[in-house]
Every structure is written in C-alpha cells, then in structure tokens.
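> predicted model and sequence below, questions to follow.
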Amino acid sequence: MRKSIRKSIILAMVALLTLTFSIPVCAAETANNAPAATANTTSGSMLLDDKAGLLKGNEPQQVLETLEVDSSKSNCNIVVITTNQGLSESAIRSYADNYYATNVENKSQTNFCVTLTVDISSRKVDVGTYNPGSKRNLNDAAKDEIREYVTSDLTNGNYAKAFTKFADKTATIAGAIDEDGGRSKASFPWGTRILISLVIGIILAVIICFIIKSQLKSVAMKSNAADYVREGSLNITSQSDRFLYSHVTKTAKPKNNSSSGGGGSSGSHSTGSF
C-alpha cells in the first residue's frame with residue numbers, strides 16, 4: 001500500500017514538472033513564429049510596429065520615446081517596422097509603402113517620413129523616405145548612409161541599439177533639410193569650418209617657413225647669377241620667343257537629369273541585407 005502511494009506521488013510530481021517546463025517553451029515558440037504578435041508593439045503608436053518581437057522587456061517603450069523625441073525635433077516621422085514574413089527586396093519596399101499609406105499618411109501634421117523596415121526571416125533591411133508634394137526629402141546617398149549606419153548592430157542582434165541609432169541619425173540628417181530641399185546653413189556651418197581650417201593652415205605654414213629659414217643662414221641674396229657661371233663659358237648673342245602651335249579641345253559638361261524622392265504613397269528606398 002505504501003509503495004503504491006509513493007509511486008503515485010512520484011508520478012504526480014513528474015507530471016507536474018513536465019507541465020511546468022513545457023508551458024514557457026510553447027509560449028516562446030508562439031511569440032517567435034506568429035507574424036501578427038503584438039506583445040512587444042507599443043499600442044497606439046504609428047512610429048513603432050515590432051511585429052517580429054525583436055524588442056524585449058522595456059525596450060519597446062525606450063525605443064518609442066527616442067522615435068517620438070527625434071521625430072518632433074526634426075519635424076519628420078521616424079518609423080521602425082519589423083516583420084518575419086521572409087520578404088524579398090521588392091516585397092519589403094511594398095510592405096513599407098503600405099505601412100506608410102495606412103498608418104502615417106494623412107494622420108500626421110507632416111507627411112515627411114523615414115522608415116526603417118527589418119525582416120528577420122529574410123534578413124532584409126530597407127530605408128524608405130516619403131513626402132508627397134514637397135522637396136523636403138532624402139537623396140539616395142543619405143538613405144544609403146542611414147542603412148549602412150545600423151547594419152552592423154542588426155547583424156549582431158543589437159536591435160534596440162540599431163533602432164535608437166537609426167532615429168538619432170535620421171533626425172540629424174532630416175532636420176538639416178529645409179522646405180526647398182536644400183541643406184540648412186544653421187546645421188551645416190561650412191563657412192565657419194573653412195575659416196578655422198584656413199587659420200590653422202596659415203599658422204602651420206608660417207611655422208614651417210620659419211623652420212626652413214633657420215636652416216638657410218649661410219645663404220645670401222644676390223642680384224645676379226654671375227657667381228654661378230664660369231667666365232667665358234656662355235656667350236649669348238641673341239634671343240627670341242617663338243610660339244609653335246596650340247591645340248584646344250572642348251567637351252560639353254554632362255547634365256545630371258537624375259532625381260531622387262518619392263511621391264504619393266510610394267517611397268524612395270535603399271534596400272540591403274544584414
């Protein structure tokens with residue numbers, strides 16, 4: 001009788017332990033494999049949509065706060081989107097376009113928007129820009145710069161860091177672009193930088209000249225070069241200048257008719273892998 005009771009207790013404990021360890025495993029698999037999971041998506045925000053669940057703990061709230069601050073500072077909607085659908089290069093661009101059209105366009109005071117879309121399954125990353133009817137946008141070089149700036153952190157799995165760096169970098173670049181599409185002089189003080197560079201260059205040149213001059217104390221200025229010519233070795237009777245020929249080639253300067261930027265709900269993109 002005692003052996004039967006003891007055996008029943010042992011079996012009950014084994015069953016309880018098995019059930020205890022199986023519950024979190026199943027929950028984790030469901031969260032990682034379900035594209036529509038919203039556990040790590042900050043509710044009600046159009047700036048952060050972490051469907052892939054890349055952000056953990058309090059990271060979604062921290063990233064969202066950074067996105068909100070940088071968006072307000074640069075007057076640009078800075079958006080992070082994640083998914084695990086295994087999208088191709090063209091599909092991830094369409095995914096970003098659809099998100100902008102559904103969640104951002106006509107729902108914000110400014111339509112100027114920069115998106116970072118990450119597909120964890122295909123390991124594709126895309127930076128898209130949108131601003132219908134305005135010249136205030138990012139060119140291809142700026143989009144490439146932003147995408148390459150966060151690629152290493154995405155590769156290493158530092159997703160919160162990558163999203164924060166994306167927000168800060170985008171705010172710096174987008175905030176320096178005025179409504180005419182040009183760079184803001186206040187954010188890029190090239191005149192001051194050039195002046196400082198010239199002053200430093202002049203100071204260095206003066207120092208170098210004094211050093212060289214100090215090494216030439218034995219040299220005295222002469223009014224002619226008679227001391228360097230052997231007497232009777234040179235006899236010039238006449239001199240003349242003759243213009244032989246000239247050849248001039250003219251090449252038309254090529255015109256750059258290319259343009260970058262998005263109109264409507266279709267954006268301009270820079271796509272790569274990580």
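In hand now; what should we look at? Numbering: from 1, shown residues only.
> where does the prediction get shaky in the stretch 151-274 of the chain?
Residues of the stretch 151-274 of the chain that meet the criterion pLDDT under 70 lie in 178-190, 217-220, 225-227, 243, 246-265.
> that one: helices as residue ranges?
159-174, 190-214 (DSSP state H, counting those that start in this stretch).
> packing partners of the first one?
Read it as helix 159-174. helix 59-74, strand 77-83, strand 113-119, helix 140-155 (3 or more C-beta pairs under 8 Å, 6 or more residues apart in numbering; DSSP states H and E). For glycine as for every other residue, the C-beta is placed from the backbone atoms N, C-alpha and C.
> sorry, back to before: can you put the helices of the stretch 151-274 of the chain in JSON lines and add distance to residue 45 and mean neighbour count?
Converted to JSON lines, these look like this (distance: least, C-beta to C-beta, whole Å; neighbours: other C-beta atoms under 10 Å):
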{"stretch": "helix 159-174", "distance to residue 45": "13", "mean neighbour count": "22"}
{"stretch": "helix 190-214", "distance to residue 45": "37", "mean neighbour count": "10"}
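> and of the helices and strands packed on helix 159-174, who's closest to residue 168?
helix 59-74 (6.2 Å; C-beta to C-beta).
> any buried residues in that closest one, and which?
59, 60, 63, 64, 66, 67, 68, 70, 71, 74 (16 or more other C-beta atoms under 10 Å).
> ok, the third one touching residue 162?
No. Residue 63 is not in contact with residue 162 according to C-beta atoms under 8 Å; the separation is 9.6 Å.
> now stretch 73-85: buried residues?
74, 76, 77, 78, 79, 80, 81, 82, 83, 84.
> first-to-last residue distance for it?
33 Å (C-alpha to C-alpha, to the nearest Å).
> and it, average pLDDT?
Averaging pLDDT along stretch 73-85 gives 94.
> stretch 106-122 now?
Rounded mean pLDDT across stretch 106-122 is 90.
> then stretch 50-60?
For stretch 50-60, mean pLDDT is 94.
> in it, what's buried?
In stretch 50-60, counting by 16+ other C-beta under 10 Å, buried: 50, 51, 52, 53, 54, 55, 59, 60.
> and the two most separated of those?
Most distant of the buried residues of stretch 50-60, by C-beta to C-beta, are 51 and 59, 14.8 Å apart.
> next up, the contacts around residue 70.
By C-beta atoms under 8 Å, 6 or more residues apart in numbering, the contact set of residue 70 is 78, 167, 168, 170, 171.
> ok, for it, nearest residue in space, not its chain neighbours?
residue 171 (3.6 Å; C-beta to C-beta, 6 or more residues apart in numbering).
> ok, now residue 73?
That would be residue 171: by C-beta to C-beta, 6+ apart, it lies 5.5 Å from residue 73.
> which ones are touching that neighbour?
70, 71, 73, 74, 76, 78.
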